[in-house]
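Visitor: Provide a 3D model corresponding to the input given below.
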Amino acid sequence: HQIRTVDASKGTPESVPVPGNRFNQISQDEFNKIPGSPISYWVSENLIHDFVIGKRMDEIVNPKQGLATADNNRFLRQWWEIDINRIKFDATSILDSVKSGKKWFPYNKGGSFRRWYGNYDYVVNWENDGYEIRHFVDDKGKQRSVIRNPKFYFKEAITWGKVSSSTSSFRWKEAGNLFADAGMSIFYEDDLRNNIIGLLNSKVASEILKILSPTMNYEVGHISSVPILKVEKQDTLRVDNCINLTKEDWNSLETAWGFAKHPLI
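Guide: The predicted structure is shown next:
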């Protein structure tokens, strides 16, 4: 594509390229190769090619949106506000949660920027398979809460915050959590955890997500559209180290339920 200008001596327009201007060197058809067709004129040809040849994230794993209580003040607490004997931190399924007789369970609702591990702050009232939330209705009897993807509750996952003020950050969540509509999660089979979270916390994925969502509001659809070129298992020891070091850092906080003692002691 070229910029149209006018030759004053002839009074007719002619096409001339503008040196160093990326916009006049890319066809608009190239934008259609990126999900949502964003006008990302600065994107390199190599990155556009990745969208063409790569598999979509949701062809390999399952990004999902979770529970919306409709009244967090009523159904959520920070974990230290509750009698710890009424919290089950390690439920493996809905059936396990019911059998435990506990009322409160860890609830992943996003949180501040943090990569690899952490942001374990909240618990949700999911007593008896979320009876109170499931029966939370308005004055016309319509259910107010929205219970999405319950078959994924309490499974380990990779999670991210829906809204970011800077750049994206992804964390591993251990089994035992429910997840929120703002703490969306990726569920995976086999041993793909390190490959997926390693990619998503990379500089490449950060730039891709800025293309897919310039507003930095990362919905399930944006994550689902990230292209993946290789899906085979690889040596991901560095990812393990990142997760383990960040877990140690998180549990050094007195507000973490995994806190044992201050690291300086």
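Visitor: and stretch 94-102, how far out from the chain middle?
Guide: How far stretch 94-102 lies from its chain's middle: 27 Å, per C-alpha atoms, centre = their mean, to the nearest Å.
Visitor: how about it: buried residues?
Guide: Within stretch 94-102, the residues that count as buried by 16 or more other C-beta atoms under 10 Å are 94, 97-98, 102. (Glycine included, C-beta is placed from N, CA and C.)
Visitor: now do residue 101 against residue 151, distance only.
Guide: Distance, residue 101 to residue 151, using C-beta to C-beta, to the nearest Å: 22 Å.
Visitor: and the helices in the protein?
Guide: Taking DSSP state H as the test, the helices found in the chain are 45-53, 72-75, 94-100, 127-134, 193-200, 203-212, 220-224, 237-251.
Visitor: residue 59: which of those is closest?
Guide: Proximity to residue 59 (C-beta to C-beta) singles out helix 220-224 among these, at 8.8 Å.
Visitor: quick one: low-confidence parts of the stretch 101-250 of the chain?
Guide: 164-166, 231-235 (pLDDT under 70).
Visitor: quick check: the nearest residue to residue 104 once chain neighbours are set aside vs residue 180, distance?
Guide: Residue nearest to residue 104 in three dimensions, not counting chain neighbours: residue 123, with 4.1 Å by C-beta to C-beta, 6 or more residues apart in numbering. Look at residue 123 and residue 180: by C-beta to C-beta, they are 12 Å apart.
Visitor: what sits in contact with each of the two?
Guide: residue 107 (C-beta atoms under 8 Å, 6 or more residues apart in numbering).
Visitor: possible to save the buried residues of stretch 94-102 as a markdown table with distance to residue 82?
Guide: Shown next, in a markdown table, are the buried residues of stretch 94-102 (distance: C-beta to C-beta, whole Å):
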| residue | distance to residue 82 |
| --- | --- |
| 94 | 20 |
| 97 | 15 |
| 98 | 18 |
| 102 | 10 |
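Visitor: of the residues you listed, just say which sits nearest to residue 144.
Guide: Residue 144 lies nearest to residue 94 out of the buried residues of stretch 94-102, by C-beta to C-beta, at 20.7 Å.
Visitor: next, the contact list for that closest one, please.
Guide: 129, 150, 153-154.
Visitor: of the residues you listed, which count as buried by neighbour count?
Guide: Among the contacts of residue 94, those classed as buried by 16+ other C-beta under 10 Å are 153-154.
Visitor: which of the contacts of residue 94 sits closest to residue 89?
Guide: Nearest to residue 89 among these is residue 154, at 10.8 Å by C-beta to C-beta.
Visitor: that closest one contacts residue 176, correct?
Guide: Yes: counting by C-beta atoms under 8 Å, residue 154 touches residue 176, with 5.9 Å between them.
Visitor: find residues that contact each of those two.
Guide: Common contact partners of residue 154 and residue 176 (C-beta under 8 Å, 6+ apart): 91-92, 105.
Visitor: looking at those, state which has the most neighbours.
Guide: Counting neighbours by other C-beta atoms under 10 Å, the top entry in these is residue 105, with 25 neighbours.
Visitor: grab the nearest non-local neighbour of that one.
Guide: residue 126 (4.7 Å).
Visitor: burial check on the one you found, number of neighbours?
Guide: For residue 126, the tally of surrounding residues (other C-beta under 10 Å) stands at 28.
Visitor: before we move on, what about residue 253?
Guide: 12.
Visitor: again with residue 155
Guide: Per other C-beta under 10 Å, the neighbour tally for residue 155 reads 19.
Visitor: correct me, but it touches residue 176?
Guide: No: using C-beta under 8 Å, residue 155 is not in contact with residue 176, being 9.1 Å away.
Visitor: show me the strands in the protein, by range?
Guide: Ranges of strands within the chain are 3-7, 12-16, 55-56, 62-64, 76-78, 104-108, 122-125, 157-160, 170-173, 178-179, 185-187, 227-228, based on DSSP state E.
Visitor: now the residue positioned nearest the centre of the chain: closest residue in space that isn't a chain neighbour?
Guide: Residue closest to the mean C-alpha point of the chain, counted by C-alpha atoms, centre = their mean, is residue 160 at 2.9 Å. Nearest residue to residue 160, sequence neighbours excluded (C-beta to C-beta, 6+ apart): residue 170, at 4.9 Å.
Visitor: thank you kindly, that will do.
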